[in-house]
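Novice: Here you go, sequence then predicted model.
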Amino acid sequence: MSDTVTQAAPSATGSEQLKKAIYQNRTLSREGLSERLFARFFSGLVYAQIWEDPDVDMEAMELGPDHRIVTIASGGCNVLAYLTRQPARIDAVDLNRTHIALNRLKLAAIEHLPSHQDVVRFFGKPGQKHNSDAYDRFIARRLDTASRAYWEGRNWRGKRRIDLFQGNIYRAGLLGWFMTAAHLAARAHGVDPAEMMQARCLREQRHFFDERLAPLFDKPLIRWATSRKASLFGLGIPPAQYDELLSATEDNTMATVLRRRLEKLACHFPLEQNYFARQAFGRSYAGSYDATVPAYLDPEHHPVIRQGLGSVFLHNRNFTDLLARKAERSVDRYVLLDAQDWMNDQQLNALWSEIDRTAAPGARVIFRTAGEPTILPGRVSNSILDRWQYRSEQSRALCRHDRSAIYGGFHLYVNIAA
């Protein structure tokens, strides 16, 4: 049995660290109440699938076999994709204990289910009534105590959480509920987003977006709903990041932001090459036989991913805390997702002090932002940033290639300290 599923149970401090990361205002202020509501929502399952494109990550990192990575775990698809490049070690951190449990489940399933087709049935196809039995037979006894307790615990309907995999796990969790609500809102206005899946080329995708989807963002109800910060909690967007998103528009409205992001998702990549779009519009990975899927569901990658599971270590703690426990020059690649959008200046400088201390020569940091510009200049100390080169043109190109289309900016920093 690999180290990936026999580590100690998640730290009890993770939930407190999550609150610390989100809370920026007084409890009884309007902003403070919004932050606490978001923290409540964010403590359960948010992402069954990560919504950052791992292919773009690996291109930016120039990921290779000797690299030591520290990344945020989220839904785990990124961690598993990175294993296709056979890195030396991946430390995956997450303040959400449910995400840690999901990552451990994916690792254990890949290691212990009898075949790759069983992995695909478990994570890639909805309506598989035997998945709970597969869990009981092949996975349960290989999980750590905390993760097993989570998946075998009962939800509000009295069913075991693992039973979510008998239906469609991607309809569950905060993001799944958000997408369901978005589909219902569109249908209430006479548009079924699933009809996008009938498009056979980019031209037809563009036509459906322009004629059917784009006008929805001018509807009074949708403009009113998206003007509320809580409306985007389902995307995992905290109140502070909502404000950052608005800065990317001329009219300062969230409807405009969402229309632009949806346009990229709908129109910039063929559906067969974009499993993010197929999940958003069709609510599944279904497509032609050669349609792209997350790396761990691709049979070509199964052997190398399975072989590399022992190099993955999961931690229920924050990024800065984990780095503080590492030796100088011991990390080659850092994947921050959009976590810095949540941080104040003090937290940013604490994080980058540890990144700078632990960075090996030539180390690379990648992250995403709600708005388009990098958020570091003027906030992180120049004494730190002077040792890092921002690859602005490359960052813009990588952002254009990101199929998930959620973020306004993708950013790459390379260590140039001697």
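Specialist: All right, it came through fine.
Novice: and Phe367, how many residues sit next to it?
Specialist: When neighbours are defined as other CB atoms under 10 Å, Phe367 has 24 of them. Any C-beta I mention is one placed from the backbone N, CA and C, and that applies to glycine too.
Novice: which ones are touching it?
Specialist: Residues in contact with Phe367 (CB atoms under 8 Å, 6 or more residues apart in numbering) are 335-340, 410-411.
Novice: From His116, how far out is the residue lying closest to Thr84 once chain neighbours are set aside?
Specialist: Spatial nearest neighbour of Thr84, chain neighbours left out: His301 (4.9 Å); criterion: CB to CB, 6 or more residues apart in numbering. Per CB to CB, to the nearest Å, His301 is found 9 Å from His116.
Novice: now do Leu258
Specialist: 36 Å.
Novice: which stretches of the stretch 201-350 of the chain form helices?
Specialist: Counting by DSSP state H, counting those that start in this stretch, the stretch 201-350 of the chain has helices at residues 202-208, 220-226, 239-246, 254-267, 275-282, 302-307, 319-324, 345-358.
Novice: and the nearest residue in space to Ile416 that is not next to it in sequence, what are its bridge partners?
Specialist: Spatial nearest neighbour of Ile416, chain neighbours left out: Gln389 (4.9 Å); criterion: CB to CB, 6+ apart. Applying DSSP bridges to Gln389 gives these bridge partners: Val414.
Novice: could you pull out the strands for the protein?
Specialist: If DSSP state E is used as the criterion, the strands of the chain fall at 68-72, 89-93, 312-315, 331-335, 359-369, 388-390, 409-415.
Novice: Single out the most deeply packed of those.
Specialist: Using mean count of other CB atoms under 10 Å, the stretch among the strands of the chain with the largest mean neighbour count is strand 331-335, at a mean of 25.
Novice: For that strand, name the packing helices and strands.
Specialist: helix 54-61, strand 68-72, helix 345-358, strand 359-369 (3 or more CB pairs under 8 Å, 6 or more residues apart in numbering; DSSP states H and E).
Novice: pLDDT (mean, whole number) over the last one?
Specialist: Right, the one you point to is strand 359-369. Across strand 359-369, pLDDT averages out at 97.
Novice: Likewise for the second one?
Specialist: When the per-residue pLDDT values of strand 68-72 are averaged, the result is 98.
Novice: where's stretch 106-118 relative to the chain centroid, distance-wise?
Specialist: For stretch 106-118, the separation from the chain centroid amounts to 22 Å (computed by CA atoms, centre = their mean, to the nearest Å).
Novice: ends of that stretch, how far apart?
Specialist: 12 Å (CA to CA, to the nearest Å).
Novice: Name the spans of the stretch 201-350 of the chain whose pLDDT lies under the cut-off.
Specialist: Scanning the stretch 201-350 of the chain for pLDDT under 70 picks out the ranges 230-241, 247-249.
Novice: what residues are up against the residue nearest to the spatial centre of the chain?
Specialist: Central residue of the chain (CA atoms, centre = their mean): Ile50, 3.2 Å from the mean position. Counting by CB under 8 Å, 6+ apart, Ile50 makes contact with 74-78.
Novice: now swap in Lys264 and tell me
Specialist: Per CB under 8 Å, 6+ apart, neighbours of Lys264: Ala405.
Novice: Quick check: pLDDT value at Phe178.
Specialist: As predicted, Phe178 sits at a pLDDT of 87.
Novice: cool, Ala418 as well?
Specialist: Ala418 carries a pLDDT value of 69.
Novice: Okay, the residue lying closest to Asp332 once chain neighbours are set aside and Ala255: tell me how far apart.
Specialist: Nearest residue to Asp332, sequence neighbours excluded (CB to CB, 6+ apart): His67, at 4.2 Å. From His67 across to Ala255, the span is 41 Å (CB to CB).
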